[in-house]
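Chemist: Sequence first, predicted coordinates after that:
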Amino acid sequence: MQKPIISADSHITEPAGTYVDRIDSKYKDSAPRMVRDDKLGDVFIVKDFPRPVNIGLAAAAGRNAEDLRIGGVKFEEMHRGGWDPNARLADQQRDGVAAEIIYPTVGMVLCNHRDFDYKKACFDAYNLWIAEYCDTHPDRLIGVGQTAMRSVEEGIEDLRKMKSLGLRGVMMPGNPKLEDYDSPIYAPFYEAAIDLEMPLSFHILTSNQDNFRTRGPKLNSFLSIIRGCQDIMGTFILGGVFERHPKLKVVCVEADAGWVPHYMYRMDHAYDRHRYWLPAGTLSKMPSEYFRENIYTTFQDDWVAFQMKDMCNIRRLMWANDFPHSDSTWPWSQELLSKHTTNMSEQEKNYVLHDNVAELYHLSV
């Protein structure tokens, strides 16, 4: 019997008071705030950002492709479930989803803010808001917090605060303030994440590399947005992080999964053939073995991911609906899943649609 379906990556749409109402008083006047522009619609103004943060695509789930646009959308026109936890249950029911792992929207963009002190204040405010949102239905809305990673010690304290708020994981900025994530200085942080059972998530569009600067037509930039996540996964594996912390769990979020088998092959090839003139960390296993064990990947409309299930670790694949963003499969998720999972057994479906995410976040759904 098929178990309830859980989305491993869904989002909220931050309401106007998310940051302003909860941020440290020092940043009250510069907190991200929503304003209405005659041409752009409702946007977030963020300190030191050259342009407003458009949120039109942040709640475009269910719209026809020809109707998608960056701006010109008012907040009240967006899916109410993006900020109203009670309305969210109806959205879940319509899509056939029993629970969701919840990530931010504006918070994704804030990951790339250059002012780490400002970023820290914003994330502290967001964590309070998302905890309130999810606490309304804690068995169906599973919150993930944010940390600015200004220092190792502060990162550990952030993990503890998130845990006390009832959050189940942490979305990491793609670039920490000190060194890179393969540095040994992060050892205490990784061990704290293991002890607190707080998986580390790296979401697309949260790294300095996610700048949409690619050659050719603008649409070509869409194909590059998974690259930042791939680079981070390679940093953890080839940098020896999983060698030193074998129980660490990392989630590669919304970067698809169909590429994983070839990526694992490419890493193994590089390590086997080129590691002597391109040094890496000390590894006792082939790179693909770390990927298979330590890294979870989430995906939504990725038909290839279901087809290559036997070429990777199916216990690390997690389906998501990405509601309410423009790339969401909502409200057509069940229709797509019926097509994409035709080659899977009932047990395999349960792994990808329920068991893997339920076990990772200790859910009883």
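Modeler: Right, received. Where do you want to start?

Chemist: Which other helices and strands does the helix or strand of the chain with the lowest mean pLDDT contact?
Modeler: Least confident helix or strand, the chain: strand 53-54 with a mean of 94, by mean pLDDT, DSSP states H and E. Here strand 53-54 touches strand 41-45, going by 3 or more CB pairs under 8 Å, 6 or more residues apart in numbering; DSSP states H and E. Just so you know, the C-beta spots here come from the backbone N, C-alpha and C atoms, and that holds for glycine as well.

Chemist: The same query, at a cut-off of 10 Å, please.
Modeler: strand 41-45, helix 106-110 (3 or more CB pairs under 10 Å, 6 or more residues apart in numbering; DSSP states H and E).

Chemist: which residues touch that strand?
Modeler: For strand 53-54, contacts defined as CB atoms under 10 Å, 6 or more residues apart in numbering pick out 14, 32, 34, 37, 40-46, 69-73, 105-106, 108-110.

Chemist: Give me the distance between it and the centre of its chain.
Modeler: With CA atoms, centre = their mean, to the nearest Å as the basis, strand 53-54 stands 19 Å off its chain's centre.

Chemist: Name every strand pairing with it and say which way it goes.
Modeler: Strands that pair with strand 53-54, judged by DSSP bridges, come out as strand 41-45 (antiparallel).

Chemist: okay, the helices and strands packed on strand 53-54, which one's buried deepest?
Modeler: helix 106-110 (a mean of 23; mean count of other CB atoms under 10 Å).

Chemist: Which helix runs longest in this structure?
Modeler: Longest helix in the chain, counting residues (DSSP state H): helix 116-135.

Chemist: which is the next helix or strand following the least confident helix or strand of the chain?
Modeler: helix 85-95 (DSSP states H and E).

Chemist: what sits against residue 221?
Modeler: Neighbour list for residue 221: 210, 211, 212, 213, 214, 215 [criterion: CB under 10 Å, 6+ apart].

Chemist: try 6 Å this time
Modeler: Applying CB atoms under 6 Å, 6 or more residues apart in numbering to residue 221 gives the contacts 212, 214.

Chemist: do the one 4 residues further on as well
Modeler: Residue 225 is in contact with residue 204, counting by CB under 6 Å, 6+ apart.

Chemist: again, only this time at 8 Å
Modeler: If a contact means CB atoms under 8 Å, 6 or more residues apart in numbering, then residue 225 has 204, 205, 210, 212, 255 as its contacts.

Chemist: so the fourth one makes contact with residue 224?
Modeler: This points to residue 212. Yes - when contacts are counted by CB atoms under 8 Å, residue 212 is listed as touching residue 224 (7.2 Å).

Chemist: higher neighbour count, these two?
Modeler: Ranked by neighbour count (other CB atoms under 10 Å), residue 212 and residue 224 place residue 224 first, with 16 against 11.

Chemist: Quickly note the distance from the more buried one to residue 61.
Modeler: For residue 224, the distance to residue 61 under the criterion CB to CB, to the nearest Å works out to 23 Å.

Chemist: go on, residue 16?
Modeler: According to CB to CB, residue 16 stands 21 Å off from residue 61.

Chemist: which one of the two has more residues nearby?
Modeler: Taking neighbours as other CB under 10 Å, residue 16 and residue 61 compare with residue 61 leading, 26 against 15.

Chemist: Now the more buried one. Nearest residue, chain neighbours left out?
Modeler: Leaving aside its sequence neighbours, residue 61 sits nearest to residue 328 (CB to CB, 6 or more residues apart in numbering; 3.7 Å).

Chemist: so what pLDDT did the residue lying closest to residue 245 once chain neighbours are set aside get?
Modeler: With sequence-adjacent residues excluded and distances taken as CB to CB, 6+ apart, residue 245 is closest to residue 190, at 4.5 Å. Note on residue 190: pLDDT of 99.

Chemist: which ones are touching residue 190?
Modeler: With contacts defined as CB under 8 Å, 6+ apart, residue 190 is in contact with 241, 244, 245, 248.

Chemist: For the third one, the count of nearby residues, please.
Modeler: Applying other CB under 10 Å, we find 18 other residues in the vicinity of residue 245.

Chemist: What of residue 214?
Modeler: Residues near residue 214, counting by other CB under 10 Å, number 15.

Chemist: ok, it - contacts?
Modeler: Counting by CB under 8 Å, 6+ apart, residue 214 makes contact with 220, 221, 223, 224.

Chemist: mind putting those residues in TSV, secondary structure included?
Modeler: TSV is the format used below for the contacts of residue 214 (DSSP: H, G, I helix; E, B strand; the rest coil):
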residue	secondary structure
220	helix
221	helix
223	helix
224	helix
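
Chemist: Dump the contacts of residue 190 into a markdown table; add secondary structure, pLDDT and distance to residue 132 as well.
Modeler: Below are the contacts of residue 190 laid out as a markdown table (DSSP: H, G, I helix; E, B strand; the rest coil; pLDDT from 0 to 100; distance: CB to CB, whole Å):
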| residue | secondary structure | pLDDT | distance to residue 132 |
| --- | --- | --- | --- |
| 241 | helix | 98 | 33 |
| 244 | helix | 98 | 36 |
| 245 | coil | 98 | 32 |
| 248 | coil | 99 | 29 |
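
Chemist: Low-confidence stretches in this structure?
Modeler: Low-confidence segments of the chain (pLDDT under 70): none present.
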